[in-house]
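*Asks:* After the sequence you'll find the predicted model.
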Amino acid sequence: MKILCVSDYVDPLIYNQQVKKIFPDIDGILCAGDLPMDYVDFIVSVFNKPTYFIFGNHNLKEFSYYHKTNNSMPGNMNKDAEMSHGHGAKYLGFKSSIEYDLQYTDPQTGKKTPLLIAGVSGSLKYNNGLNQYSDFQMKMKLLMMVPKLLINKLRFGRYLDIFLTHATPRHIHDHEDPCHKGFESFNWFIEKFKPTYMVHGHIHLYDLREERVSKHQDTVVVNAYSHYVIELPIQEENK
């Protein structure tokens, strides 16, 4: 299974009608935040593959359709929003999901298994803007997903395949300015629930020497800036 990951930058290589010729064997797409929704629309329409997204700390025009905010209209409901503003993509903000439309062969059992994926939106709080959270607030949101992850473990023998975020874990790909520090709670999460991949955005790769793929215990952490392709089951050279 090949999954195209994108974030933070409208990449001309992706945003063109020939993109399926460039990436002919993509099975799904992950959008890791700070992307215009019309870009997500384009990706859905051109690839016609299962697509998942979360919000970052920019491009939040439609955030209130998925979360109650001070600017939300009374009576807005997340399920209704997902139907009318979903752009053909599935919103994974603060959710865990079992995706039967995306399956791969488990190398341990030799059987087909659905993709287990969870996602969280937002960045570390730095100016009290929309979709920014303290580390404690993020930890509480992560804890709300734990019951479903425990069920995954019982049913499939693992908690999670992919953890999709906008921000980074602390001291993994992050920077020291207030806006781009990572979440300590993300370190706890990947150490506890051991996803195969953690896919994030938020850190722009202007320097080609900057690391974009790292290993933290059992998890490969990938910066999806612009675009990057991951595979499940994971290839030997990435283990």
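*Replies:* Thanks, I have the structure now.
*Asks:* Tally up the residues packed near residue 105, please.
*Replies:* The burial metric for residue 105, expressed as a neighbour count using other Cβ atoms under 10 Å, is 13. From N, CA and C alone the C-beta is placed, and that goes for glycine too.
*Asks:* pLDDT value on it, please?
*Replies:* Residue 105 is assigned a pLDDT of 93 by the prediction.
*Asks:* cool, the one 3 residues further on as well?
*Replies:* In the prediction, the pLDDT value recorded for residue 108 is 82.
*Asks:* Grab the nearest non-local neighbour of the most centrally placed residue in the chain.
*Replies:* Note on the chain: the residue nearest the mean C-alpha position is residue 164, at 2.3 Å, using Cα atoms, centre = their mean. Beyond its immediate neighbours in the sequence, the residue positioned closest to residue 164 (Cβ to Cβ, 6 or more residues apart in numbering) is residue 119, lying 3.8 Å away.
*Asks:* close enough to count as contact, that neighbour and residue 165?
*Replies:* Yes. In terms of Cβ atoms under 8 Å, residue 119 counts as a neighbour of residue 165; the distance is 6.8 Å.
*Asks:* Could you look up the SS state of residue 114?
*Replies:* The assignment at residue 114 comes out as strand when based on DSSP: H, G, I helix; E, B strand; the rest coil.
*Asks:* What about residue 15, how many residues nearby?
*Replies:* As a burial measure, the neighbour count of residue 15 was computed by other Cβ under 10 Å and equals 15.
*Asks:* And it, how far from residue 39?
*Replies:* The span separating residue 15 from residue 39 equals 7 Å under the rule Cβ to Cβ, to the nearest Å.
*Asks:* Ok, residue 50 next?
*Replies:* Going from residue 50 to residue 39 by Cβ to Cβ gives 17 Å.
*Asks:* likewise residue 54?
*Replies:* Distance, residue 54 to residue 39, by Cβ to Cβ: 14 Å.
*Asks:* Number of residues surrounding the closest residue to residue 230 other than its chain neighbours?
*Replies:* Excluding its sequence neighbours, the residue lying closest to residue 230 (Cβ to Cβ, 6+ apart) is residue 3, at 5.2 Å. Neighbouring residues of residue 3 were enumerated by other Cβ under 10 Å; the total is 25.
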